[in-house]
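Q: Structure of the sequence below:
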Amino acid sequence: MRDAASSSGGPTRIAVLSSAGAGGGGIAAQRLAGALDAQDGLSADFLTAGDLGGFLPEAVVPSGSKSNRQLTDTHFTVEYPGYRRDWLIELLSGYDIVNVHWASYLLGLAELEALAARGTRMLFMLHDYHYFTGGCHYPAGCTGMMRGCLGCPQVDSRLCDARFIPVNLRVKRAIFAHDNVHLAAPSGFLRDQAMASGIVPGERAHVLRNAYAPLDTGAGRPDDDIIRILLIADSLAERRKGMPLALDSLAALHDRLPAGRRVQIDVVGQADPMLVDRLNASGLTHVLHGRISDHVRLVGIFAASNIVLSCSYEDNWPNILVEAGAYGCVPVVGPGHGCAEFCETYDIGGIAHSYTAEAFADVLLATIAGLAPLPEATARIRDDHRADRVAAQFLRIAAAIPRAQTEQQESHA
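A: Model (predicted):
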């Protein structure tokens, strides 16, 4: 697109920034960089800590979560803003577009604010709430970000100086106050949450799906009558993921299964002893696969599974739903966030009406009873996340981000 062309006349140069290439956000960032770099006229660099001189100093962004683990045990990031590396700001301002993913330990808030103030065209890709809160990644029902994150209920003031939580939010708001800074999220849900917080107006908030290219491995479902239900998460023990509720739901399902109906539970991720003990006591056949980094092996499990069960209380547009759906595995999820939006968008799977074991068991039973190939939904999932389609949407968003004032002046000279 002409509007996205580099001011230098060469390929449009895009910096895709992520603290790491692993985890849901890191994988999505790396895939997006690859999708962009494959397009004519674009040059995308995927930049992590290894490329930019390492992580921020411990005194700036202390390692480890600073959560008090009361409302939730989801990661909480604290920063003491003000640290900046002028050489890094100069380097990144040379790109036509800076695309920021989960980069809390990679770029400091003062550096992001300096880039924004220079007129650098910036697109933040939201994988959680962090860039519009004072430090939490999911609010666990708190609406404090609309009131400046004063008196944060998640932060452990014994581990950090909690006075910086509202300061961090003020700096983030200053970054997004610039017209050359936009945000996108894979789900309309998270985009709308950001808009509701007041961080940006609607014209600077977008939906951009995560890119995914399915593998044609030939894997498929075994020729038997076993219903395979998949539990998968990077961190199965994280409270937000709702694994105790998932196990309660599966126990309720077990008690209500018709005679002769066989179910197998496949568990992917690091399972803690509680989960293992609960599974052993459930009476359900189960397989513990552990954490899997080999995507080919993971595809084999997706392709063999009938249902992916997610009891997450809060979520965005998880890679696992996209990947499982791309191989015909249907989701059963809870209400009120991006997972439900995924099911509604593709008219696939089932949404429990509440976060109770009985509600999830009802939907699981109904989903099992209605299982059938869904080639149209599978094709839509694949098409919406196709690399070239995601890259084209990225460029449409980029075209709406104004150039630096100096560039505008030069273009009219």
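Q: can you give me the helices in this structure?
A: According to DSSP state H, the chain carries its helices in the segments 23-37, 86-93, 109-117, 164-176, 188-197, 243-256, 273-282, 295-304, 319-325, 338-346, 357-369, 375-384, 387-399, 405-411.
Q: now the fifth one against helix 338-346, angle please.
A: The directions of helix 188-197 and helix 338-346 differ by 120 degrees, with axes from the mean of the first three to the mean of the last three CA atoms, to 10 degrees as the criterion.
Q: Any buried residues in helix 188-197, and which?
A: Residues of helix 188-197 classed as buried: 189-191, 193-195, 197 (neighbour count, 16 or more other CB atoms under 10 Å). In short, each C-beta sits where N, CA and C put it, glycine included.
Q: what's it packed up against?
A: Judged by 3 or more CB pairs under 8 Å, 6 or more residues apart in numbering; DSSP states H and E, helix 188-197 is in contact with strand 181-185, strand 205-207, helix 338-346.
Q: Return the most buried member of these.
A: Highest mean neighbour count of the helices and strands packed on helix 188-197: strand 181-185, a mean of 24 (counted as mean count of other CB atoms under 10 Å).
Q: what is the mean pLDDT for that one?
A: Across strand 181-185, the average pLDDT comes to 98.
Q: What lies in contact with stretch 255-262?
A: 225-227, 263, 285, 361, 365, 368 (CB atoms under 8 Å, 6 or more residues apart in numbering).
Q: Grab the two from those residues that are most spread out in space.
A: Farthest apart among the contacts of stretch 255-262 by CB to CB are Asp225 and Ala361. That separation is 20.1 Å.
Q: The two - which one has more neighbours?
A: Taking Asp225 and Ala361 together and counting by other CB atoms under 10 Å, Ala361 has the greater number of neighbours (22 against 8).
Q: residues in contact with the residue most central in space within the chain?
A: Relative to the mean C-alpha position of the chain, the nearest C-alpha, by CA atoms, centre = their mean, is the one of His127, at 3.4 Å. His127 is in contact with 24-25, 28, 101-102, 185-186, 316, counting by CB under 8 Å, 6+ apart.
Q: residues touching Tyr313, list them.
A: The contact partners of Tyr313, by CB under 8 Å, 6+ apart, come to 140, 240, 242, 334, 337, 355.
Q: Can you name the two of the residues you listed that sit furthest apart?
A: Those two in the contacts of Tyr313 that are separated most widely, counting by CB to CB, are Ala140 and Gly334, at 14.1 Å.
Q: The two: who's more crowded?
A: Using other CB under 10 Å, the more surrounded residue of Ala140 and Gly334 is Gly334, with 24 against 17.
Q: backbone phi and psi for that one, please?
A: Dihedral angles phi and psi of Gly334 (degrees, to the nearest 10) take the values phi -90, psi 170.
Q: before we move on, the earlier item: pick the one among the contacts of stretch 255-262 closest to Glu113.
A: Ala361 (48.9 Å).
Q: Neighbours of the closest residue to the closest one other than its chain neighbours, how many?
A: Spatial nearest neighbour of Ala361, excluding adjacent residues (CB to CB, 6 or more residues apart in numbering): Ala252 at 3.8 Å. Other residues within reach of Ala252, judged by other CB under 10 Å, total 18.
Q: what's near enough to touch Ala252?
A: 357-358, 360-361.
Q: Next, give me the two most distant ones among these.
A: Spanning the widest gap among these are Glu358 and Phe360, at 7.5 Å by CB to CB.
Q: Those two: who's more crowded?
A: Remark: of Glu358 and Phe360, Phe360 carries more neighbours, 29 against 13, as counted by other CB under 10 Å.
Q: Adding distance to Gly135, write the helices and strands packed on helix 188-197 out as CSV.
A: Below are these laid out as CSV (distance: least, CB to CB, whole Å):
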stretch, distance to Gly135
strand 181-185, 18
strand 205-207, 21
helix 338-346, 21
